[in-house]
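Asker: Requesting a structural model of the entry that follows:
(3 chains)
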Amino acid sequence: MLSTDGATRAVCMQKPIMAVTGDETVATGDMPAYQIRAPATALPQGVVMAASPGSLHGPQQLAEEATRKRELRLMKNREAAKECRRRKKEYVKCLESRVAILEVQNKKLIEELETLKDIYSPKTD
DNA sequence: AGCTTGCAGCGTCAGAGCTT
DNA sequence: AAGCTCTGACGCTGCAAGCT
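Answerer: Residues are numbered from 1 along each chain as shown, chains lettered A, B, ... in the order given. The predicted model follows:
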């Protein structure tokens, strides 16, 4: 008899999706299924925190500060995009293997149905 | 060899949603 | 409200395969 294969229970990060932010865990209903927020990442190496606003003086420093902020944002976004793509690939792989498993299961069920039909259908001779 | 096409990966921007 | 994170969309680049 067919049993529910353990592997078919594998889900690709389906709901409830939990977003982990720092040490808190929050339910998020409308997040893409593959998205599990990682804990806040440390600053990439080589990134120096900007000076506090109080230490800024002329327009030169303000411009430098703006540039620094932009570069930091771009760098963080670059990393975030990489991580996002990695997760998405993982999610798609997971879905693909689930499809493969379900196709096999479906085929077995169809075969079983045919067998049962043969057994229980009234004979006409 | 040179050209074309399809694919994968990357960086950036914009916008939505979440956090502080 | 401001700042942050995540992700879809877009354009660019490099590579491999197929074609002429």
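
Asker: Briefly note if the one helix or strand residue A:78 maps to comes near DNA strand B.
Answerer: Per DSSP states H and E, residue A:78 falls inside helix A:59-120. Yes. Shown here: helix A:59-120 in contact with DNA strand B (CB under 7 Å from any atom of the strand) through A:74, A:75, A:77, A:78, A:81, A:82, A:85, A:89. Every residue, glycine included, has its C-beta placed from N, CA and C.

Asker: Dump those residues into CSV; add pLDDT and neighbour count as well.
Answerer: CSV is the format used below for the residues of helix A:59-120 next to DNA strand B (pLDDT from 0 to 100; neighbours: other CB atoms under 10 Å):
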residue, pLDDT, neighbour count
A:74, 90, 10
A:75, 91, 14
A:77, 91, 11
A:78, 91, 11
A:81, 91, 10
A:82, 91, 10
A:85, 89, 10
A:89, 89, 11
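
Asker: Surely residue A:12 forms part of a helix?
Answerer: No. Using DSSP: H, G, I helix; E, B strand; the rest coil, the secondary structure at residue A:12 is coil, not a helix.

Asker: Just send the residues of helix A:59-120 next to DNA strand B back as a markdown table, with distance to residue A:100 too.
Answerer: Output for the residues of helix A:59-120 next to DNA strand B, formatted as a markdown table (distance: CB to CB, whole Å):
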| residue | distance to residue A:100 |
| --- | --- |
| A:74 | 39 |
| A:75 | 38 |
| A:77 | 35 |
| A:78 | 34 |
| A:81 | 29 |
| A:82 | 27 |
| A:85 | 23 |
| A:89 | 17 |
